[in-house]
Every structure is written in C-alpha cells, then in structure tokens.
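In: Show me the folded form of this:
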Amino acid sequence: MKNEKYGKIFYKLLILKIIEAKEEGIVFMKALYAQSGGVTSVINASAYGVIDEARKNGLEILVGINGVTGILKENFLDASDLDIEFLRYTPAGAFGSCRKKMKNDSDIEKLFEIFRKNEIRYFFYNGGNDSMDTAWRVQMEAQKRGYELKVVGVPKTIDNDLPHTDHCPGYGSAAKYIAISMMEAALDLRSMYVDSTQVFVMEIMGRHAGWLAAAAGLGWINGIGADVILLPEKPFNKDEFLSTVNKIISEKGYCAIAVAEGLKYPDGFFVSDMGFTDSFGNRQLGGVGFTIAGMVRSELGLKTHVAIPDYLQRSGRHIASKTDIEEAEMCGRMAVRYALEDNYGVMVTMERVSNNPYQIKYSSVPLNLVADQTKMLPKDFYEGYTVTDKFFEYALPLISGEFYPPFENGLPSYKLINLGKK
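Out: Modelled structure (predicted):
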C-alpha cells in the first residue's frame, strides 16, 4: 500500500512537470501510437483513449499511419490538436494498420533513427499476438542500444486469444455480431427448410482458437442459435459430424452450423489450408464453410447454403458492445498511465473480479509472455458440438449493452481522415 501511495504521488508530480514544460514551450517527450494487425470495430476507441490520455498529461502525440510500415516511411499524423471524437464511433483502423514483422536489422536500424529524429520516448502499439511480438522486439532493441523508450502494448483481437488477460478488446463486439447473425440466419432457415435449404453453414474467423465461433451459440439464451459448432480445439471427425447433422435434421428438419476457419483434422492439418503462408509465417486459410457444406451435400444429400461474414464480423460497429467500447478506450488510457508510471515493456490486461455483477480490474503483463502465444478456448467452455453454461457466464457480460454510432440519411455517419500515401 505504501509503494502504491508513493507511486501515485510520483505520477502526479511527473504530470505536473510535463504540463509545466509544455506551457513553457519545451518539448518534454513525444509519444507515438500505431495500429497493427487485423482491425476491430473498437480499435479506434483504444486510439481515442491513448490520444486523449496522452494529451491530458501534456505529452506531444504522433500517430504512425499503417503501423510500423508507415513509421518506417516517417508517415506521421500529429494528433496533438486533432478532433478525435469520431474515433469512439468509427470501426476498423482509422489510422491504417499493417501486417509487417520487424525481421531484419536494417528495419530496426531505420526505426531507431526515426525515433531519435522525432524524439520519440513513448511507443504505444495497438494489436494482437504478432503485434505484441513486434512491441517486445522494439523494447529489447531500445535497451540494447541504450535508447530511452517506453513501450506499452494495447491489446486488440476479435480472436480473443491473447494470454494473461481475461479477454481482449474487439472480441465482445465481434461475438455480439456473430451471435445476432446466427440467430437471424437460423430464423431464415427455419422459415424455408420445408422445400429449400435445410443446412446453413457460417464460416467464422479464428485461426487457432474457437472463441468467436463459440459465440454462434450465445443466441440460445434467447431461444435460437447454432445447432452445431465446429471448433479448432476439437479435432474434426467427419463421420461423427455427419451423424450429428443427420440426427438434428431428423428431429427438426433443419440445422444451423458454425465453423471456425481454423478447424483441424486429428493429424493437425487445417481443413481449409490454402497451401501458402503470409508474411508472419501463418498458413493462409479459406473455404472451410464450403468444404463442410460439400460434405453434407454429398454424403447426406441435403441442400446447403454458406455465409462468410469475413471482414463484416470484425468491423460491425453498428451493433458493437457497449462494454467492449468502454473497455477498449480504458485499455488505451491505462497504457499511457502505465508508461508514465515507468511500467513499460508490458501489455495492458484485464482481470475478471466477478461475473455477477460483472467487474474487472486493469493490470499488465510483460510483453515477452504474450508475444506469439495463443490462449485456447477452455475445455469446460464446450461439450460435443455446443457451448456450456460456463461459456455463457463468461461471454454474456462482454456483449452487453449498445453504443450506437450517429446516423445520417439512415446510415451510420463514419468519418474518414486523410492518411496520405507514402
């Protein structure tokens, strides 16, 4: 308690020092924020949190356009006086994202030349597993070079697979989108199955973990959801699967299926492996929904339909979770606070205090414990081809509440900023 008290005093004195220096026209220290990896419907809420908190504490704040890709081109936006209110309502990466991995020495050398040139002393990187690896590499390089830099990772991923945090900003809203979409599609299927489509298949993002696909079952809390959920955590058994579908069809005439893109056979091979890798070394996946539908059609002779939400599930801001938006913003704010308290080389985390009432507390974890690691869906969150009560207890608070964007002409009014081209 004593250390905590002194830590808060130090934090307040530091803020006063920064503000005083700024008022005197001295550039005390500059902060840099950037977005990385696949975007979400609430990543910009985190950007809002970082920028607003940095400005409140007197920091000069720059934004790297298109993550480290743009930073290496010195493609910056000065956010010190930017009107940022739109960030709380706009989906996807307002400042552009990237999938670049800092692999070679020349990139690292150039990055630190740019940091020195622009007097960057705080770096806030907003992303998922691979992005936290980049953040960790940058922090280690700074220490190796004797360059004063405080790096803090701001978590983000609809996959919800970052370890050491209860959940990730972006997941709650994507889960809400998937749950609602499956409910509505299942109702459509129920209306038409008598002499039309009998099996509906939704292909859902999730390379290694089934957190998002599991959300397709949340609609059962209101009476309708996915009948079968195929998860990466459960090796795919074709005969068992087809038998289950056939049984459901015989009982009610139709079957709604959710399948994660990362579905694997017992030998570990992806059902939807496209045969090549991306810049991070990840196998490219696609078409698992059509593969599953093809099995059902050829083996059971049933008419099928496939839907792939793809980008829609991660950028559906119109029905985003209020809880998710508020937590995303707070993760951004906490990143700045931690850096100012000399708690750096870490990623912001959330720890669940209770389910009812839902309550969390913010903390942090060293970046090296997160980098390139994956948190799988716990075994007690699913059983057979459905999710358990434990998953409902976990996920329902995360999709709670609505925070609609402003509408104009019957459509969301999303603001764009000029990112430029460099």
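In: So Asp107 versus Ile399, what's the distance?
Out: Distance of Asp107 to Ile399, given as Cβ to Cβ, to the nearest Å: 39 Å. All C-beta atoms are positioned from the backbone trio N, CA, C, and that covers glycine.
In: The two: which is more packed in?
Out: More crowded of Asp107 and Ile399, by other Cβ atoms under 10 Å: Ile399, with 25 against 15.
In: How about that one, nearest residue that isn't a chain neighbour?
Out: With Cβ to Cβ, 6 or more residues apart in numbering as the criterion, Ile399 has its nearest non-adjacent residue at 3.9 Å, and that residue is Lys176.
In: Please apply the same query to Lys322.
Out: Leaving aside its chain neighbours, Lys322 sits nearest to Gly401 (2.8 Å; criterion: Cβ to Cβ, 6+ apart).
In: repeat for Leu263
Out: Per Cβ to Cβ, 6+ apart, closest to Leu263 is Val271, 4.6 Å.
In: ok now do the one you found, which residues does it touch?
Out: Phe236, Leu263, Lys264, Tyr265, Val288, Thr291, Ile292 (Cβ atoms under 8 Å, 6 or more residues apart in numbering).
In: In strands only, show me the residues you listed.
Out: Using DSSP state E, no member of the contacts of Val271 falls in strands.
In: Okay, strands next: where are they in the stretch 251-400 of the chain?
Out: Taking DSSP state E, counting those that start in this stretch to define them, one finds strands in the stretch 251-400 of the chain at 255-260, 273-277, 283-285, 304-307, 346-355, 358-366, 382-383, 386-387.
In: For the residue nearest to the spatial centre of the chain, give me the pLDDT.
Out: Computing the C-alpha centroid of the chain and ranking residues by Cα atoms, centre = their mean puts Thr157 first, at 1.5 Å. Per-residue pLDDT puts Thr157 at 95.
In: where's it relative to Lys264, distance?
Out: 20 Å.
In: Quick one: mean pLDDT for stretch 106-125?
Out: Average pLDDT, stretch 106-125: 95.
In: now the end-to-end length of that stretch.
Out: Distance between the two ends of stretch 106-125: 20 Å, counting by Cα to Cα, to the nearest Å.
In: how distant is that stretch from the center of its chain?
Out: 25 Å (Cα atoms, centre = their mean, to the nearest Å).
In: And that stretch, what's buried?
Out: Using 16 or more other Cβ atoms under 10 Å as the test for burial, stretch 106-125 gives Ile108, Leu111, Phe112, Ile114, Phe115, Ile120, Arg121, Tyr122, Phe123, Phe124, Tyr125.
In: I'd say Val201 and Tyr254 touch.
Out: No: contact criterion Cβ atoms under 8 Å: Val201 and Tyr254 do not qualify, at 12.0 Å.
In: neighbour count winner among these two?
Out: Set Val201 next to Tyr254 and count neighbours by other Cβ under 10 Å: Val201 wins out with 27 against 21.
In: Tell me what the more buried one is bridged to.
Out: Ile257, Val306 (DSSP bridges).
In: Please list all residues in contact with it.
Out: Contacts of Val201 by Cβ under 8 Å, 6+ apart are Ile257, Val259, Gly289, Phe290, Ile292, Ala293, Val296, Thr304, His305, Val306, Ala307.
In: And those, which is closest to Ala142?
Out: Ranked by distance to Ala142 (Cβ to Cβ), the contacts of Val201 are led by Val259 at 42.5 Å.
In: where exactly do the strands run in the stretch 51-200 of the chain?
Out: Counting by DSSP E, counting those that start in this stretch, the strands of the stretch 51-200 of the chain are 60-64, 76-78, 120-127, 150-155, 199-204.
In: now the ones you listed in TSV, with distance to Ile249?
Out: Below are the strands of the stretch 51-200 of the chain laid out as TSV (distance: least, Cβ to Cβ, whole Å):
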stretch	distance to Ile249
strand 60-64	52
strand 76-78	54
strand 120-127	42
strand 150-155	41
strand 199-204	8
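In: These: which one's closest to Asn343?
Out: Here strand 150-155 is closest among these (Cβ to Cβ), at 7.8 Å.
In: Can you check what angle separates the closest one from strand 346-355?
Out: Strand 150-155 and strand 346-355 meet at an angle of 40 degrees, taking axes from the mean of the first three to the mean of the last three Cα atoms, to 10 degrees as the criterion.
In: Mind giving me the packing neighbours of strand 150-155?
Out: strand 120-127, helix 129-145, helix 322-340, strand 346-355 (3 or more Cβ pairs under 8 Å, 6 or more residues apart in numbering; DSSP states H and E).
In: Can you give me the neighbour number for Met102?
Out: Met102: 16 neighbours (other Cβ under 10 Å).
In: quick one: contacts for it?
Out: Going by Cβ under 8 Å, 6+ apart, the list of residues near Met102 reads Val68, Ile108, Leu111, Thr134, Arg137, Val138.
In: sorry, back to before: just list the residues touching the residue nearest to Lys322, thanks.
Out: Counted by Cβ under 8 Å, 6+ apart, Gly401 has contacts Ser321, Lys322, Thr323.
In: Identify, from the residues you listed, the entry nearest to Ala335.
Out: Among these, and counting by Cβ to Cβ, the member closest to Ala335 is Thr323, at 18.9 Å.
In: Excluding chain neighbours, what is closest to that closest one?
Out: That would be Ser400: by Cβ to Cβ, 6+ apart, it lies 4.9 Å from Thr323.
In: In this structure that neighbour contacts Lys322, no?
Out: Yes: applying Cβ under 8 Å, one finds Ser400 in contact with Lys322, separated by 6.7 Å.
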